[in-house]
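Participant: here's a sequence, model it:
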Amino acid sequence: PDRPADAAASSSLGDLRRFVEMVYEKGRRLAVLEDLPQGVRGLLRDCLSRNPHRRPEVSRLRELLGASMVDMTLEDERGRALWKGFLAPAQVVPWARFEQAFWAEAREPRPEQGPLATA
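Facilitator: Numbering: from 1, shown residues only. As a prediction, the model looks like this:
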């Protein structure tokens, strides 16, 4: 009799076989949801392309995913431009670097006094 772990492994193997049959042998692809942000939809379509030359290199996926994450998390167009233009692909940005990029994008002089002034 199958033990629970064996049954789960057997089920997973069956799912994998069905997946291989549908994608590799029959050329089927997952549907890309239209309510996803445009950058994510495009990235998924490229990754799932039947044409292997259209699929992005794995080494480029981090950059593409990072840009898509910025698009999904920042609603403000100027905020997205600031992040992509000055701060990406950093995962952590020191305050001084953010502040410098912010004022460069704002095209405004940094205030001398107040909460936004340089300490």
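
Participant: please count neighbours and contacts with C-alpha atoms only from this point.
Facilitator: Will do.

Participant: and the host helix or strand of Glu105, what's buried?
Facilitator: Assigned by DSSP states H and E, Glu105 falls within helix 95-106. Within helix 95-106, the residues that count as buried by 16 or more other Cα atoms under 10 Å are 98, 101-102, 105.

Participant: repeat for stretch 32-41
Facilitator: 39-41.

Participant: what's it in contact with?
Facilitator: Here stretch 32-41 makes contact (Cα atoms under 8 Å, 6 or more residues apart in numbering) with 44-45, 65, 67-68, 71-72.

Participant: other SSEs contacting the helix holding Glu105?
Facilitator: Applying 3 or more Cα pairs under 8 Å, 6 or more residues apart in numbering; DSSP states H and E, one finds that helix 95-106 contacts helix 77-82.

Participant: got a list of contacts for the helix holding Glu105?
Facilitator: Here helix 95-106 makes contact (Cα under 8 Å, 6+ apart) with 82, 86-87, 109-110.
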